[in-house]
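Engineer: Here is a sequence together with a model predicted from it:
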Amino acid sequence: MKSIQNNVHKKLKRINLQQLVNIKMLFYNSPMGMVLLDNEGKIVEINKRMYEILDAGERDYKEKNPIKLIRDNNINKAISQVVSGEEVYLEGKYISNKQKIIFFKLNGSPVFTKNNQLIGSVLIIEDITERENDRKQYEDKLNEYNKLLETKLKERSLQLEEKSKEFERFALNISHELVASNRVIQGYIKAMKEDFYKNIPELGQKYILRIDNAAVYQDTMINSLLNFSRISNSDVRMHTLNLEKISKEIVKHYFEGAISENAEINIICPMSVVISDHDVLIQIISNLLSNAVKFVEKGKKPKVEIFTSETSEYVYYSVKDNGIGIPSPKLKLIFEAFERLHGIESYPGIGIGLSIVKKATERINARIEVESEIGKGSTFRLCLKK
């Protein structure tokens with residue numbers, strides 16, 4: 001029986017010894033720096049890799065105080081925390097005595113007995129210098145490419161800006177030529193009406209009226225396209241603007257005739273103050289009011305309400321009418337250029353007014369929304385920053 005027990009003890013000793021050897025081999029041959037500290041924070045064991053990472057000299061090999069060995073405030077603070085029983089993780093940069101820069105990751109773990117008694121701690125440091133250098137090289141190259149791209153974009157933007165100005169000058173010249181030609185046509189038609197209209201057969205009179213209407217339509221189209229071009233290319237100057245003052249100014253100068261004849265435009269005061277461009281805002285509101293007055297059933301008096309509401313950041317400028325309304329499937333299409341929902345014989349125009357509104361809202365960083373119901377009218381809501 002004794003011999004059996006002795007054999008068992010010998011085997012257990014051999015097993016424990018082999019485990020210890022394996023652990024020591026892992027410790028000393030680890031690719032990471034490792035230090036074992038006692039409960040007072042003194043070095044018990046330290047592997048060669050730790051000395052390599054710390055770029056330590058020969059005189060450091062006998063040093064038992066890790067704080068004197070490492071000489072880095074952040075790492076020493078982490079060591080103090082581990083020695084006092086805290087888990088620690090640290091990532092940073094260490095400058096050795098030889099002025100070598102080392103990027104590292106540090107993990108520190110206290111070691112406790114089964115009775116929760118602190119008996120020491122383990123420090124593991126991983127050298128990530130090569131990885132950091134690779135990352136820095138990548139970032140440097142990325143910054144270099146970004147600068148190159150930025151330069152190319154600036155050059156391209158300048159080229160596009162010059163082309164845009166060139167096209168604008170060309171469009172203006174062509175437009176003026178078309179306007180001049182159109183004026184000549186309208187002038188001759190007016191002269192024919194005044195001097196020869198009674199002597200022209202009825203069919204010829206119809207032809208003259210059609211030519212006159214076409215000339216007027218072309219004149220409207222040219223002016224609308226010029227407005228669209230100006231809105232797209234003009235400089236935007238943001239100021240503090242009083243919406244009540246602007247609304248009254250627009251109604252007085254642009255819609256007095258419509259009001260006095262058959263339209264009712266009601267400005268509900270007081271109104272808010274916003275940050276926007278004066279000329280662009282007038283263009284937007286004028287087009288919205290023009291549509292509100294125009295798209296009404298025949299024989300029905302146009303009634304329009306203008307009012308504002310607001311949140312902490314935005315002001316909503318609303319134009320509500322009692323018009324014919326817009327079908328739901330068409331709500332997204334109405335802001336496209338030359339998109340008409342009705343024939344020109346029913347409602348005059350070329351279908352570009354709301355395109356100008358959309359482009360103008362984009363220029364002042366605003367937003368346009370619409371709610372509509374067939375036969376009851378529409379509400380266009382302009383969202384502006386305070």
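Structural biologist: Looks like it arrived, so ask away. Residues are numbered from 1 along each chain as shown.
Engineer: packing partners for the longest strand anywhere in the chain?
Structural biologist: Ranked by number of residues, the top strand in the chain under DSSP state E is strand 101-112. With contacts defined as 3 or more Cβ pairs under 8 Å, 6 or more residues apart in numbering; DSSP states H and E, strand 101-112 has these neighbours: helix 48-54, helix 73-83, strand 88-95, strand 118-127, helix 129-196. Every C-beta, even on glycine, is put in place using the N, C-alpha and C of the backbone.
Engineer: Those: which one's closest to N29?
Structural biologist: For the helices and strands packed on strand 101-112, the distance to N29 is smallest for helix 48-54, at 8.3 Å, taking Cβ to Cβ.
Engineer: Quick check: phi and psi on K385?
Structural biologist: K385 adopts backbone torsions of phi -80, psi 150, taken as degrees, to the nearest 10.
Engineer: so how far is N116 from it?
Structural biologist: 61 Å (Cβ to Cβ, to the nearest Å).
Engineer: Looking at those two now, which is surrounded by more residues?
Structural biologist: K385 (14 against 7; other Cβ atoms under 10 Å).
Engineer: right, and P110 touches Q81 too?
Structural biologist: No. Applying Cβ atoms under 8 Å as the test, P110 and Q81 come out as separate, 9.2 Å apart.
Engineer: Compare the two and say which is more crowded by neighbours.
Structural biologist: More neighbours surround P110 than the other of P110 and Q81, with 19 against 16 (other Cβ under 10 Å).
Engineer: show me the contacts for the more buried one.
Structural biologist: Residues in contact with P110 (Cβ atoms under 8 Å, 6 or more residues apart in numbering) are 82-83, 85-87, 118, 120-121.
Engineer: so how far is T379 from it?
Structural biologist: Relative to T379, and taking Cβ to Cβ, P110 is found at 69 Å.
Engineer: cool, and K42?
Structural biologist: Applying Cβ to Cβ, the value for K42 to T379 is 80 Å.
Engineer: Show me the shaky parts of the stretch 251-386 of the chain.
Structural biologist: Residue ranges of the stretch 251-386 of the chain with pLDDT under 70: 254-261, 337-351.
Engineer: need the strands for it, in chain order.
Structural biologist: For the stretch 251-386 of the chain, the strands defined by DSSP state E, counting those that start in this stretch occupy 264-267, 273-276, 303-310, 314-321, 367-373, 377-385.
Engineer: Can you pull the domain assignment for this protein?
Structural biologist: Annotated domains of the chain cover 31-127, 130-233, 236-385 [automatic domain parsing].
Engineer: Determine which of the ones you listed approaches M25 most closely.
Structural biologist: Using Cβ to Cβ, the domains of the chain put domain 31-127 closest to M25, at 10.6 Å.
Engineer: before we move on, the earlier item: may I see the domains of the chain arranged in TSV, with distance to K24 as well?
Structural biologist: Output for the domains of the chain, formatted as TSV (distance: least, Cβ to Cβ, whole Å):
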stretch	distance to K24
domain 31-127	9
domain 130-233	27
domain 236-385	66
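Engineer: quick one: the closest residue to Q81 other than its chain neighbours and I75, what's the gap?
Structural biologist: Among residues not flanking Q81 along the chain, V88 sits closest, at 5.0 Å (Cβ to Cβ, 6 or more residues apart in numbering). Using Cβ to Cβ, we find V88 at a distance of 10 Å from I75.
Engineer: Spit out the residues that contact those two alike.
Structural biologist: L106.
Engineer: circling back: turn the strands of the stretch 251-386 of the chain into a markdown table, including distance to M25.
Structural biologist: Below are these laid out as a markdown table (distance: least, Cβ to Cβ, whole Å):
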| stretch | distance to M25 |
| --- | --- |
| strand 264-267 | 89 |
| strand 273-276 | 72 |
| strand 303-310 | 74 |
| strand 314-321 | 69 |
| strand 367-373 | 69 |
| strand 377-385 | 69 |
